[in-house]
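Peer 1: coords below, sequence missing:
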């Protein structure tokens, strides 16, 4: 029987397991949401044990749907929400605290403290990242400062730190009974503890943040056989690939040449451009990050623009305001009005990420009059996603000197026809959605498959990629610039809201 490849896609709101065939097509999948925990304004947590339970559940579910067993799978890859931080007991496997999610802002005082000496960009040369609440290092430091006994355990090697990939890999390969404590270069690059040039933990930064090395995972390639899985439903299957979710989407979109770019429309938006083997420093508010590393080949780098809130804004309209019953209703509501009625929505719920990096920004709805209705607010919410992507793409073009000829789109919101057309209009470039939009899981499957010879080279990935739909820009240039000018005015009102 033809063997398949499995991918765990552990995201911000749910965990999935997807099984792919050699053509990169979906054979079966399972999905389950997990609880979003909000202890205080700006704080966001997940229960790591719930995520592990859900991961096991969706693996069993997908295998059952496809009528497959572990022996039918050639390898497994992991892709994951990045920066989300877990510290757990090595002997018991129990977390010392809930996971602190990437969008959590509780480390704002630590950011201010470390930015006070050398500025927010003091670590950019080594890590490619500004000091921000976004990244893992200061989340880990917060745990050491607030969880009794955590630092002592970490110093003794009795507590382990990891992003979600490390947590899942450790549990899949034995947990307290010899589980592998590893991460890949892409996830390591998002901790703000790894040196981009050496691909090793940076001793100066560990000293600066007072992070004990004993708790850190081993940094590995994105594509190599790490070890055998011990979890019963996947027993003896090779764990062979790990990529942070946005790098996985870049890989799944077959963006292997410098200048090729993709945008993933999920909880947030994440625009990545391949810059090849060259580390490109950003002067326009972007992140320099690892794109992937295959085996012992040279690492490939990327520029990234991270936007905190896009799809999450639709969930907010659904859950907090109740103006839609389900997320898919947003498009019809947005189309109920001919334009945005001069309403602009800046969803700075967790501050603004690229290119502003303003942790004290907060959300605003600007331009309201008695004329405005829920259709205008829905439309403004969807347009906000596209304006933010334009801000990032403009910065990317300035940093790289490369004009974008098309944007490859994926993720849940890429099925929204209104968003895709407006995105093409506001960028004035074609937007292309592939036939398989689950490119994040697909990227994880590809790196795992390449590690075990299931696919021979990235040429196989390129052959598998097929366009599903293409949107061409239709908007007049004057209208485009008028809208974007008004958006920028609204952004100015959101900045530095928190004193």
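Peer 2: Looks like it arrived, so ask away. What you see is a predicted model, and the numbers here were worked out from it, not measured in a lab.

Peer 1: in the stretch 301-450 of the chain, which spans are helices?
Peer 2: Along the stretch 301-450 of the chain, the stretches classed as helices by DSSP state H, counting those that start in this stretch are 311-316, 330-334, 374-400, 417-427, 439-451.

Peer 1: let me have those in CSV, extended by distance to residue 104.
Peer 2: Every residue, glycine included, has its C-beta placed from N, CA and C. Shown next, in CSV, are those (distance: least, Cβ to Cβ, whole Å):
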stretch, distance to residue 104
helix 311-316, 13
helix 330-334, 25
helix 374-400, 20
helix 417-427, 26
helix 439-451, 21
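
Peer 1: out of the ones you listed, nearest to residue 135?
Peer 2: helix 374-400 (17.6 Å; Cβ to Cβ).

Peer 1: hang on, the earlier thing: looking at the helices of the stretch 301-450 of the chain, which is closest to residue 193?
Peer 2: It's helix 439-451; of the helices of the stretch 301-450 of the chain, that one is closest to residue 193 (Cβ to Cβ) at 22.3 Å.

Peer 1: that older thread, now the helices of the stretch 301-450 of the chain in a markdown table, with mean pLDDT?
Peer 2: Formatted as a markdown table, these follow (pLDDT from 0 to 100):
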| stretch | mean pLDDT |
| --- | --- |
| helix 311-316 | 90 |
| helix 330-334 | 95 |
| helix 374-400 | 93 |
| helix 417-427 | 96 |
| helix 439-451 | 96 |
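
Peer 1: need the winner for burial among those helices.
Peer 2: Mean neighbours per residue, mean count of other Cβ atoms under 10 Å, is largest over those for helix 439-451, with a mean of 31.

Peer 1: returning to what we had before: indicate which one of the helices of the stretch 301-450 of the chain is closest to residue 408.
Peer 2: Minimum separation from residue 408 across the helices of the stretch 301-450 of the chain (Cβ to Cβ) falls at helix 439-451, 8.4 Å.

Peer 1: by contact count, what packs against that closest one?
Peer 2: Counting contacts by 3 or more Cβ pairs under 8 Å, 6 or more residues apart in numbering; DSSP states H and E, helix 439-451 packs against strand 4-10, strand 14-20, strand 73-80, strand 223-228, strand 238-244, helix 245-252, strand 261-265.

Peer 1: now residue 20, which residues is it bridged with?
Peer 2: residue 5, residue 26 (DSSP bridges).

Peer 1: next one: it from residue 76, what distance?
Peer 2: Separation of residue 20 from residue 76 (Cβ to Cβ, to the nearest Å) stands at 11 Å.

Peer 1: mind listing the shared neighbours of the two?
Peer 2: 5-7 (Cβ atoms under 8 Å, 6 or more residues apart in numbering).

Peer 1: between these, which sits nearest residue 185?
Peer 2: residue 7 (18.3 Å).

Peer 1: and that closest one, what does it touch?
Peer 2: Here residue 7 is in contact with 17-20, 76-79, 441-442, 444-445, 448 (Cβ under 8 Å, 6+ apart).

Peer 1: now do residue 224
Peer 2: Residues in contact with residue 224 (Cβ under 8 Å, 6+ apart) are 240, 295, 451.

Peer 1: who are the contact partners of the closest residue to the last one other than its chain neighbours?
Peer 2: Residue nearest to residue 451 in three dimensions, not counting chain neighbours: residue 240, with 3.9 Å by Cβ to Cβ, 6 or more residues apart in numbering. Shown here is residue 240, whose contacts under the criterion Cβ under 8 Å, 6+ apart are 75-77, 223-226, 447-449, 451-452.

Peer 1: repeat that for residue 89.
Peer 2: 95-96, 153, 158-159.

Peer 1: so which pair among the residues you listed is furthest apart in space?
Peer 2: Greatest spatial distance in the contacts of residue 89: 95 and 158, 13.6 Å, computed using Cβ to Cβ.

Peer 1: and the two? Which one has more around it.
Peer 2: residue 95 (21 against 15; other Cβ atoms under 10 Å).

Peer 1: bridging residues for that one?
Peer 2: residue 88.

Peer 1: wait, it touches residue 46, no?
Peer 2: No. Taking contacts as Cβ atoms under 8 Å, residue 95 lies outside contact range of residue 46: 9.8 Å.

Peer 1: coming back round to it: reformat the contacts of residue 89 as JSON lines; add distance to residue 391 and pLDDT.
Peer 2: JSON lines is the format used below for the contacts of residue 89 (distance: Cβ to Cβ, whole Å; pLDDT from 0 to 100):
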{"residue": "95", "distance to residue 391": "36", "pLDDT": "98"}
{"residue": "96", "distance to residue 391": "38", "pLDDT": "97"}
{"residue": "153", "distance to residue 391": "42", "pLDDT": "96"}
{"residue": "158", "distance to residue 391": "44", "pLDDT": "96"}
{"residue": "159", "distance to residue 391": "39", "pLDDT": "97"}
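
Peer 1: and which of the residues you listed is nearest residue 412?
Peer 2: residue 95 (27.7 Å).

Peer 1: report the separation between the closest one and residue 213.
Peer 2: According to Cβ to Cβ, residue 95 stands 21 Å off from residue 213.

Peer 1: cool, and residue 171?
Peer 2: Taking Cβ to Cβ, one finds residue 171 at 22 Å from residue 213.

Peer 1: neighbour count for these two, which is higher?
Peer 2: Between residue 171 and residue 213, counting by other Cβ under 10 Å, residue 171 is the more crowded of the two (23 against 13).

Peer 1: show me what contacts the residue nearest to the more buried one when sequence neighbours are not counted?
Peer 2: Using Cβ to Cβ, 6+ apart and skipping the chain neighbours, the partner closest in space to residue 171 is residue 52 (5.3 Å). Residues near residue 52 by Cβ under 8 Å, 6+ apart: 167-168, 171.

Peer 1: cool, and residue 120?
Peer 2: 111, 130-132, 357.

Peer 1: turn these into CSV, including secondary structure, neighbour count and distance to residue 188.
Peer 2: Converted to CSV, the contacts of residue 120 look like this (DSSP: H, G, I helix; E, B strand; the rest coil; neighbours: other Cβ atoms under 10 Å; distance: Cβ to Cβ, whole Å):
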residue, secondary structure, neighbour count, distance to residue 188
111, helix, 20, 20
130, coil, 23, 18
131, coil, 27, 18
132, coil, 23, 17
357, coil, 20, 21
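
Peer 1: what would the residues you listed look like in JSON lines with pLDDT and distance to residue 191?
Peer 2: Shown next, in JSON lines, are the contacts of residue 120 (pLDDT from 0 to 100; distance: Cβ to Cβ, whole Å):
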{"residue": "111", "pLDDT": "93", "distance to residue 191": "15"}
{"residue": "130", "pLDDT": "91", "distance to residue 191": "14"}
{"residue": "131", "pLDDT": "93", "distance to residue 191": "13"}
{"residue": "132", "pLDDT": "91", "distance to residue 191": "12"}
{"residue": "357", "pLDDT": "84", "distance to residue 191": "17"}
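
Peer 1: possible to save those as CSV with distance to residue 142?
Peer 2: Below are these laid out as CSV (distance: Cβ to Cβ, whole Å):
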residue, distance to residue 142
111, 11
130, 18
131, 14
132, 14
357, 19
